[in-house]
Structure formats: structure tokens, C-alpha cells
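K.L.:
Just the structure for this:
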Amino acid sequence: MSIPPGLSRRTVLRAAGASALVLPLTRLAPATRAQAGTVTALRMTTTPDLSAKVMARTPLPAFTAMTATSSDVVVNPAATHQPFMGVGAALTDSAAYVLTHYLDGAGRAALLSELYSPSQCNWQMLRVCMGSADFRAMAVGYTYDDMPAGQTDPSLAHFSTAPDQAYVLPVIQQVVAINPAVSILATPWTPPAWMLATGSFEANQGTFNTAFYAAYAQYFVKFLQAYEAAGVPVWAVTAANEPVAGTFMNLPQSQEESFIGSHLGPALAAAGFGSVKILALDDSWTKESYAAAVLGNSGAAAYTAGAAWHGYRGSPSAMSTLHGSHPSAQEHLTEFRSLTSQTLAYQMASVAGGYTAQGVANWARSVILWNLALDQNGEPNQAKPGRIPAVTVDNGTGALTRRTGYYALTHLSAFAQPGARRCTAKTFGQAYVAPNTLPNAVTTAALANPDGSAVLYAWNGHTGNTTFRIIDARTKRGTKVTMAAGELSTFVWPSGQ
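P.N.:
Below is the predicted model of the structure:
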């Protein structure tokens with residue numbers, strides 16, 4: 001069991017309940033997020049071993065007058081770009097099952113508050129599955145309108161979100177109660193099997209039967225209505241998870257264009273859900289041409305707010321390519337995870353340096369990881385072993401292990417105020433190209449808060465200690481810092497430092 005900095009083993013053990021080990025959040029949490037007008041200059045550091053330093057906070061050395069050189073990290077909070085909405089993870093069926101079955105009520109409430117309370121980790125995004133995905137507790141998945149083989153239900157007379165009510169929806173409602181401003185993204189892995197040409201969504205890469213476009217659009221409407229009635233407002237939807245050679249269903253670009261432009265968009269608008277965003281793609285960076293085509297289609301573009309991206313293949317620079325052709329489109333990072341076969345150093349490089357830092361620097365407005373929680377064996381899952389969640393919950397003791405993704409996200413979210421925007425910051429080294437080309441220098445992303453404070457998120461891809469200067473372009477003042485190899489640090493300072 002790892003002990004967070006500043007806590008004795010005795011304190012940790014005393015805090016443990018009979019069924020769940022939940023550490024005292026007043027000490028574990030990274031600290032109250034940057035509240036307007038109260039920001040002090042500080043540094044928060046996590047080393048890739050997740051033990052030497054874990055969200056360790058120290059004062060920033062005093063800023064002094066400096067003349068910038070090409071080797072300095074110059075941050076310009078006056079040069080702002082896209083809004084930053086926040087970070088989060090996916091509450092899959094598996095994640096909800098783990099939180100419900102392996103934590104008692106107090107332990108679950110404590111963890112969700114740690115993650116989603118604005119006064120703690122300040123996560124602001126939650127991805128949910130419309131029906132079950134491949135991370136689920138049951139052997140056979142479900143949708144909201146399953147019918148016996150050979151039968152169809154185009155009127156959706158049998159539609160019901162009852163399967164979610166066992167443990168998925170209650171956990172979502174708990175998150176909303178903790179943070180009513182949370183932005184919820186809903187994604188289907190598949191429509192009901194009777195809408196597929198194969199007749200089964202367990203048969204990989206099923207083909208959508210376009211005769212059911214209208215029924216599928218109403219399927220979304222009924223889902224939104226049911227969740228709204230349950231007190232869960234949905235911020236955005238995507239038409240399909242990984243539509244290009246997806247696990248459950250293929251949705252070719254031309255079909256997504258037709259579905260969004262002629263069916264989903266009009267259906268949401270007619271039902272009073274016109275404010276719910278529709279994001280194209282929801283797949284890897286290598287599929288940029290798919291997103292560009294959907295946004296370039298006149299029918300689909302009228303209803304499509306932007307694109308959703310996964311970090312498994314390709315480079316975050318694809319988002320800048322899309323921004324170049326569609327500068328008003330929102331871009332969101334919606335799925336990534338580490339593997340148990342990867343070293344901790346690789347995990348930090350890919351999640352923090354590549355997916356998060358370079359993702360935000362390439363126009364991402366939010367950063368979402370895959371499973372919020374799994375057990376210590378990466379379960380439950382359906383033939384997807386070795387995936388690492390944001391938080392691991394021991395299925396026997398309830399003990400929590402916060403994983404690399406938890407720290408990579410919280411280093412960015414903890415100091416982001418509502419209304420923060422990305423600002424210009426110098427970064428170094430090569431572009432991340434998943435899965436094999438990692439950032440190899442000091443890789444950064446920066447935020448400008450509404451109160452004028454600045455947040456610099458930096459990961460050191462050098463193989464040894466690296467010393468450099470951080471300079472605020474507004475004041476031409478800065479400070480010198482040293483980062484260890486593979487270290488993730490967040491630097492925060494108020495306006496006028």
C-alpha cells in the first residue's frame with residue numbers, strides 16, 4: 001500500500017473502514033482548485049514512479065526580470081485560444097459495477113467527491129455509454145430496445161433504460177449531485193441488434209441497416225428524455241463509438257453524414273434537445289479525414305458541433321489539421337488508457353506528455369480517459385485484459401490505487417478555473433505519434449484563468465534532469481526550475497507575479 005506524502009501509515013490505517021480503504025481527502029486531494037483572487041505561486045510535482053513525489057506542492061521561486069531566449073518556456077496568458085472545459089473519465093458498466101460492489105456507500109461517495117468536487121480534483125467531464133460496451137459485468141451486452149431474434153421494434157415501443165438503473169444511473173446521479181455543472185458525453189457502442197444487418201452486435205463490426213435511420217434517431221431522443229427525467233442532463237452525444245472498423249458496429253463516413261444531417265440533428269431539435277452537442281467521429285487521430293468530411297458535409301455540418309478523438313493511433317496534430325479547415329469546430333479528447341504491459345515511465349509519457357499536453361496544445365477543449373475504475377485485475381471486461389483505469393479498486397478490501405491517468409488529469413484540472421482558456425506557451429521536442437513515438441523534451445500546455453493567473457502543465461521527456469526558465473510574457477519576469485526525467489509538474493502563478 002502506498003502512503004501519500006504527509007500521511008503516516010498509522011493515519012492511513014486508522015482512516016480505513018471495514019469494507020473500503022479511502023484515504024483522508026483533505027490531505028490526499030491536490031488542494032483546492034485555483035479560486036479567482038486567491039492564487040499563490042506554486043509547483044505541483046509527480047514523478048513517473050508514482051512514489052518519490054506524488055502531487056507534491058512547493059512554492060515557486062520568486063520571479064525576476066528576464067530577457068527570453070529560445071530555450072525558455074515563455075507563457076503568454078494574453079494570447080488565448082480555445083476554452084478549456086475540463087477533464088474526466090468514462091463511467092462504463094464495469095466502472096459503475098466496481099464502484100457499487102467493491103466500495104461501501106461512504107467509500108464511493110468519498111471517491112466521487114474527490115474526483116468531481118470543484119474544491120478537490122475538479123474533474124468536469126463524464127463519458128457514459130448508451131447501453132453496454134465491452135467493459136461490462138455481464139457476459140451478454142444490452143441496448144435499450146432488445147428484441148427476440150427475428151423481431152424488430154421501429155416504433156421503439158419496448159424502449160427502456162431500466163438496465164442502467166441497477167447501478168450505472170445511480171452513480172451518474174451521484175456525480176451530478178456532487179457537481180451539477182459536470183458535462184456528460186453519451187456514446188452508443190451499438191444500436192439494438194435488430195437495426196444491424198448481422199442481427200447481432202456481439203458479431204464484431206456489424207453493419208447498420210439504414211432503413212432504421214429514423215428509429216435510431218428517436219432512440220437517442222428517448223435516451224435523452226429518460227436521462228433528463230432522472231435528473232441527468234446530457235451535454236453532448238456522438239453517433240457511434242469508433243465507427244471505423246469498430247468492435248460492435250461500422251458506421252461509414254457517408255452513413256454518419258446522412259444520419260446526423262437528415263435524422264439525428266433534426267430529431268434532437270424537434271424534441272427540444274437542439275442544445276445537445278453532436279460530435280463527429282469518436283475515433284483515433286488517424287481518422288482525421290472522416291471528421292473533416294462530416295464537418296464539410298452541408299447537411300451534417302448544420303448539426304455537428306465538432307469532433308471527438310481517441311488517442312490510440314496517430315498524432316494530436318490531426319486536431320490542428322482539422323482546426324485549420326474547420327476553425328469553429330469544437331475538439332474533444334474522449335478516450336485513452338494505459339496497459340499493464342507498459343512501464344510507468346511510458347504511461348506518464350503517453351498519457352501526460354502526449355495525450356494531455358499535446359492534445360490540449362492542439363485544440364482539445366476537454367480530456368477524457370477510458371474506464372474511471374476497474375478492479376485490481378482490470379475487470380470486469382469482455383476479452384479486453386490489461387487495461388488500466390484511472391483508479392483501481394481492490395475487489396476484496398476496497399483499497400484504492402490511483403493510477404497514472406488520475407495524476408495526469410488532476411495535474412491539469414486542479415488549478416483550472418471556470419472560463420479558463422488555453423494560452424500560448426513554448427514547447428519543445430517531437431510530436432507524439434501513438435503508440436510508439438513519445439515526446440522527447442519538455443512538452444507543455446498552458447491555461448489562462450479569468451482572474452489572470454496562469455497554469456503551465458509540463459512533462460519532461462528528456463532522459464535526465466532538465467533546467468529551464470519559465471517566463472510570463474506579460475511582465476517579462478520569470479523563474480528557473482529543474483525537472484527530473486519523466487516528471488510531470490504544474491506551475492501556477494498569479495497575474496503580475
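K.L.:
How about the secondary structure of the residue nearest the centre of the chain?
P.N.:
With distances taken as CA atoms, centre = their mean, the chain has residue 368 as the residue nearest its mean C-alpha position (0.6 Å). On the three-state scheme (DSSP: H, G, I helix; E, B strand; the rest coil), residue 368 is labelled strand.
K.L.:
So it versus residue 328, what's the distance?
P.N.:
Per CB to CB, to the nearest Å, residue 368 is found 21 Å from residue 328. C-betas here are computed from N, CA, C, even on glycine.
K.L.:
what does residue 286 give?
P.N.:
From residue 286 over to residue 328 the distance is 23 Å, taken as CB to CB.
K.L.:
Give the pairing partners of the helix or strand containing residue 334; include direction for each.
P.N.:
Residue 334 is located in strand 330-335, with elements delineated by DSSP states H and E. Under the criterion DSSP bridges, strand 330-335 sits next to strand 306-310 (parallel), strand 364-371 (parallel) in its sheet.
K.L.:
and of these, who's closest to residue 475?
P.N.:
Among those, the nearest to residue 475 by CB to CB is strand 364-371 (27.6 Å).
K.L.:
after the closest one, next one along is what?
P.N.:
Next in sequence after strand 364-371, counting helices and strands by DSSP H and E, comes strand 373-375.
K.L.:
buried set for that next one?
P.N.:
By neighbour count on 16 or more other CB atoms under 10 Å, the buried set for strand 373-375 is 373, 374, 375.
K.L.:
Equivalent analysis for stretch 38-46, please.
P.N.:
Counting neighbours by 16+ other CB under 10 Å, one finds that the buried residues in stretch 38-46 are 39, 41, 42, 43, 44, 45, 46.
K.L.:
Would you map the strands across the stretch 351-497 of the chain?
P.N.:
If you assign secondary structure with DSSP state E, counting those that start in this stretch, the strands in the stretch 351-497 of the chain sit at 364-371, 373-375, 387-388, 391-393, 400-402, 421-425, 442-448, 454-460, 466-472, 477-483, 488-493.
K.L.:
May I see these organised as JSON lines, with distance to residue 225 added?
P.N.:
Compiled in JSON lines, the strands of the stretch 351-497 of the chain are given as follows (distance: least, CB to CB, whole Å):
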{"stretch": "strand 364-371", "distance to residue 225": "24"}
{"stretch": "strand 373-375", "distance to residue 225": "28"}
{"stretch": "strand 387-388", "distance to residue 225": "32"}
{"stretch": "strand 391-393", "distance to residue 225": "31"}
{"stretch": "strand 400-402", "distance to residue 225": "35"}
{"stretch": "strand 421-425", "distance to residue 225": "34"}
{"stretch": "strand 442-448", "distance to residue 225": "36"}
{"stretch": "strand 454-460", "distance to residue 225": "38"}
{"stretch": "strand 466-472", "distance to residue 225": "48"}
{"stretch": "strand 477-483", "distance to residue 225": "50"}
{"stretch": "strand 488-493", "distance to residue 225": "40"}
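K.L.:
Tell me the spacing between the closest residue in space to residue 419 that isn't next to it in sequence and residue 293.
P.N.:
Sequence neighbours aside, residue 450 is the residue nearest to residue 419 in space, at 4.3 Å (criterion: CB to CB, 6 or more residues apart in numbering). Spatial separation of residue 450 from residue 293 under the definition CB to CB is 36 Å.
K.L.:
shaky segments in the stretch 151-300 of the chain?
P.N.:
In the prediction, the stretch 151-300 of the chain carries residues with pLDDT under 70 at positions 203-205.
K.L.:
In it, what residue spans correspond to helices?
P.N.:
Remark: helices of the stretch 151-300 of the chain, listed N- to C-terminal, are 168-178, 213-229, 253-259, 265-270, 288-296, 298-301; assignment by DSSP state H, counting those that start in this stretch.
K.L.:
now the first one, how far from the centre of its chain.
P.N.:
Right, helix 168-178. In terms of CA atoms, centre = their mean, to the nearest Å, the centre of helix 168-178 is found 17 Å from the chain centre.
K.L.:
residues making contact with that helix?
P.N.:
Judged by CB atoms under 8 Å, 6 or more residues apart in numbering, the contacts made with helix 168-178 from elsewhere in the structure are 91, 93, 95-96, 99-100, 108-109, 112-113, 116-117, 126, 128, 161, 182, 184, 227, 230-233.
K.L.:
Whichever strand in the chain runs longest: which residues count as buried?
P.N.:
In terms of residue count, the longest strand belonging to the chain (DSSP state E) is strand 73-83. Neighbour-count burial for strand 73-83, counted by 16+ other CB under 10 Å, picks out 73, 74, 75, 76, 77, 80, 81, 82.
K.L.:
Tell me who's in contact with the third one.
P.N.:
I take that to be residue 75. Neighbouring residues of residue 75 by CB under 8 Å, 6+ apart: 423, 424, 425, 426, 446, 454, 456, 470, 471, 472, 473.
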